[in-house]
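**Q** Predicted structure and sequence below. I'll ask about it afterward.
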Amino acid sequence: MSNDYKNKKFQELLDRLQQESWQLELIISGFAIFGLFTALPRIDLSLHIAKNDNQIYTFIIGIVALVACYILIFNLLIHVILRGLWIGALGLRYVSGDIDFEELNYQNRFTNYLKNKIVSFDRYVGRLENYCSVLFAISFLLIFYVISITIIIVLFILIANYIISNDNLAETPRTIVGVTLIVIISIGSLFVFLDFITQGYLKKKKWLSKVYFPFYWLFSFLTLSFLYRPLVYNFLDNKFTKKISLFLVPAYLIIIIFNSIKHQNSNYIDNKGLTSYVYLDKKEYDDLLIEENDFISNASIQSKVITGPYIKLFKVFNKNVEERIYDFNPSLKPENDKRGFKTGLKFSNSNKNTPSRKRDSLARKYIETFNYIYEIHIDSTTYKSDFMISTNIKNQTGFETYLSTKKLTEGRHMLKLKRKYIKKKDTIVVNNALIPFWYYKK
């Protein structure tokens, strides 16, 4: 049937479906809004996990999913409201018919003004129908735009990580190839953006169209625009749909600005830049991680007030920690780096060539190197770094150790987790975490 799109029966079918599509729109909108509100907490949780674990690709996917959810919720809620108004208008039309301006008995000034503005009730119902149909279609088109932008951002990250910064490739070729690709994608992105905001200006000028076409062809595949291109041009060939699409972008910007507004009561309190010498952060204390999306960002202890014989110190693991371990002990860096996304399907035992004794030996060296890099201090007293690999109450992977409180005096103390790093062949020690706490005996 799809191949017979010029067939009269097929066109009649489309016309009939077009007239009845409002029912499907309402059903889809209702289920979609319910599903989106259900998915939001889970997406937000995965986003916090990715942020804390420095999982950049998972974080980007989470951001895209979150933005897509908010766009759909906003658009579909407006769509449902307008559809409800449209159904109400149809019901009122059945009872009252068109507007009888003479029956209202207004003065000529108001009667003429209302006739010019409203014209007829049927025109009002028709405009509501058009708004609803266009808004429903553009909601899903905007999701494709978000995905396209994300693909371009991910391409820049992949080129930077896997070509320009790839030590397994020769420096000169990887730099030339990487920079060339970044320049091509940057120029192409600029052209596509300019063409988008000018609604096809680059396609209208003869010499510009010749320059732009190769980039347009390339980006149609990179951004998957070949999947939704008919929708785009069906919007652009109509003045009414163009007006609505142009209205939505400022509407989103206004919403973003409105959500960013907050009232600040002090020049010093609640500032994000305050240090742990004067500021308590709940992410540094296990017993304050109450919400589902509360995670330790760097390091933590069990409570702000310590009354027992020990302090439990937990340091969160992330990719940077492992890179520092490789800097201090290059022998631990494997030839085949297994980090990153992997399929769950296994066709062979990847560890069969690595004896268990050797793996255990490497694991011990790994934790020994970590304990060498990180130093623990409470005030001016140095404590032995004796971390072991563990998971915390939020199921975060990291390193855990216990410190005796026997020599502590009652009152406030500052726990400092310091780390070594290599700078121009010199080893430098810097503060990695500052956690204030109070100690009082029971």
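**A** Received the coordinates, thanks. All of these numbers come straight from a predicted model, not from anything done at the bench. Numbering: from 1, shown residues only.

**Q** so where do the helices sit in the stretch 1-150 of the chain?
**A** Under the criterion DSSP state H, counting those that start in this stretch, helices of the stretch 1-150 of the chain are mapped to 8-52, 56-96, 101-104, 108-118, 121-159.

**Q** An error on my part: the question was meant for the stretch 151-300 of the chain.
**A** 171-197, 201-204, 206-222, 229-236, 239-260.

**Q** just to revisit the earlier point, for Ile176, which of the helices of the stretch 1-150 of the chain is the nearest?
**A** Ile176 lies closest to helix 121-159 among these, at 12.2 Å (Cβ to Cβ). C-betas here are computed from N, CA, C, even on glycine.

**Q** Nearest spatial neighbour of the residue nearest to the spatial centre of the chain, chain-adjacent residues omitted?
**A** Nearest to the mean C-alpha position of the chain, counting by Cα atoms, centre = their mean, stands Ile63 at 1.0 Å. Setting aside the residues directly before and after it, Ile63 is nearest to Leu47 in space (Cβ to Cβ, 6 or more residues apart in numbering), at 6.9 Å.

**Q** Over to Ile164?
**A** Per Cβ to Cβ, 6+ apart, closest to Ile164 is Gly178, 3.7 Å.

**Q** Need the pLDDT of that neighbour.
**A** Looking at Gly178, its pLDDT stands at 88.

**Q** With Thr111 instead?
**A** pLDDT for Thr111: 84.

**Q** now Ser356
**A** 68.

**Q** Lys416: which element?
**A** Secondary structure from DSSP states H and E places Lys416 in strand 411-423.

**Q** And for that strand, what's in contact with it?
**A** Strand 411-423 has contacts (Cβ atoms under 8 Å, 6 or more residues apart in numbering) with 276-277, 299, 301, 311, 313, 315, 324, 327-328, 372-379, 403, 427-439.

**Q** Give me the neighbour count for the spatially closest residue to Ile151 that is not a sequence neighbour.
**A** Among residues not flanking Ile151 along the chain, Thr223 sits closest, at 5.7 Å (Cβ to Cβ, 6+ apart). Residues lying near Thr223 (other Cβ atoms under 10 Å) number 22.

**Q** Okay, angle between the helix or strand bottoming out on mean pLDDT in the chain and helix 171-197 too, please.
**A** Least confident helix or strand, the chain: helix 239-260 with a mean of 73, by mean pLDDT, DSSP states H and E. Calculated by axes from the mean of the first three to the mean of the last three Cα atoms, to 10 degrees, helix 239-260 forms an angle of 120 degrees with helix 171-197.

**Q** list the helices and strands helix 239-260 packs on?
**A** Counting contacts by 3 or more Cβ pairs under 8 Å, 6 or more residues apart in numbering; DSSP states H and E, helix 239-260 is packed against helix 56-96, helix 121-159, helix 229-236.

**Q** Of the contacts of strand 411-423, select the buried ones using a ChimeraX command.
**A** ChimeraX command restricting these to the buried ones, with burial defined by 16 or more other Cβ atoms under 10 Å:
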select :276,299,301,311,313,315,324,373,374,375,376,378,403,432,433,434,435,436,437,439
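
**Q** Which ones among the contacts of strand 411-423 lie within strands?
**A** 299, 311, 313, 315, 374-378, 403, 427-439 (DSSP state E).

**Q** what's the spacing between Asn329 and Thr397?
**A** As judged by Cβ to Cβ, to the nearest Å, Asn329 and Thr397 stand 20 Å apart.

**Q** Next: Asp360.
**A** Using Cβ to Cβ, we find Asp360 at a distance of 18 Å from Thr397.

**Q** do Asp286 as well
**A** Note on Asp286: its distance to Thr397, by Cβ to Cβ, is 15 Å.

**Q** can you list the domains in the chain?
**A** As given by automatic domain parsing, the domain ranges for the chain are 2-165+228-260, 282-331+356-439.

**Q** Distance to Phe196 for these - can I get that in a markdown table?
**A** Putting the domains of the chain into a markdown table (distance: least, Cβ to Cβ, whole Å) gives the following:
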| stretch | distance to Phe196 |
| --- | --- |
| domain 2-165+228-260 | 9 |
| domain 282-331+356-439 | 35 |
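
**Q** By mean pLDDT, show me the worst of those domains.
**A** Across the domains of the chain, domain 2-165+228-260 gives the lowest mean pLDDT, at a mean of 80.

**Q** what distance separates it from the middle of the whole chain?
**A** Its chain's C-alpha centre and that of domain 2-165+228-260 lie 21 Å apart, by Cα atoms, centre = their mean, to the nearest Å.

**Q** Which strand residues bridge Leu434?
**A** Beta-bridge partners recorded for Leu434 (DSSP bridges): Lys416.

**Q** thought it was touching Tyr277?
**A** Yes - shown here, Leu434 and Tyr277 form a contact pair, counting by Cβ atoms under 8 Å, at 6.8 Å.

**Q** So between Asn329 and Thr397, which is more surrounded?
**A** Asn329 (17 against 12).

**Q** Once you drop chain neighbours, what's closest to the more buried one?
**A** Thr369 (4.4 Å).

**Q** roughly how far apart are that neighbour and Ser361?
**A** Between Thr369 and Ser361 the distance is 13 Å, computed by Cβ to Cβ.

**Q** more neighbours, the two?
**A** Taking neighbours as other Cβ under 10 Å, Thr369 and Ser361 compare with Thr369 leading, 18 against 11.

**Q** Which of the helices or strands spans that one?
**A** Following DSSP H and E, one finds Thr369 within helix 356-373.

**Q** Which residues does that helix contact?
**A** By Cβ under 8 Å, 6+ apart, the surrounding residues in contact with helix 356-373 are 321, 324-325, 328-329, 331-332, 351, 385-389, 399, 419-421.

**Q** got the buried residues for that helix?
**A** For helix 356-373, by 16+ other Cβ under 10 Å, it's 366, 369-371, 373.

**Q** repeat for stretch 133-153
**A** Residues 133-140, 142-145, 147-148, 150, 152 are the ones in stretch 133-153 that count as buried (16+ other Cβ under 10 Å).

**Q** ok, so of these, who is nearest Ile261?
**A** Nearest to Ile261 among these: Leu142, at 23.8 Å, using Cβ to Cβ.
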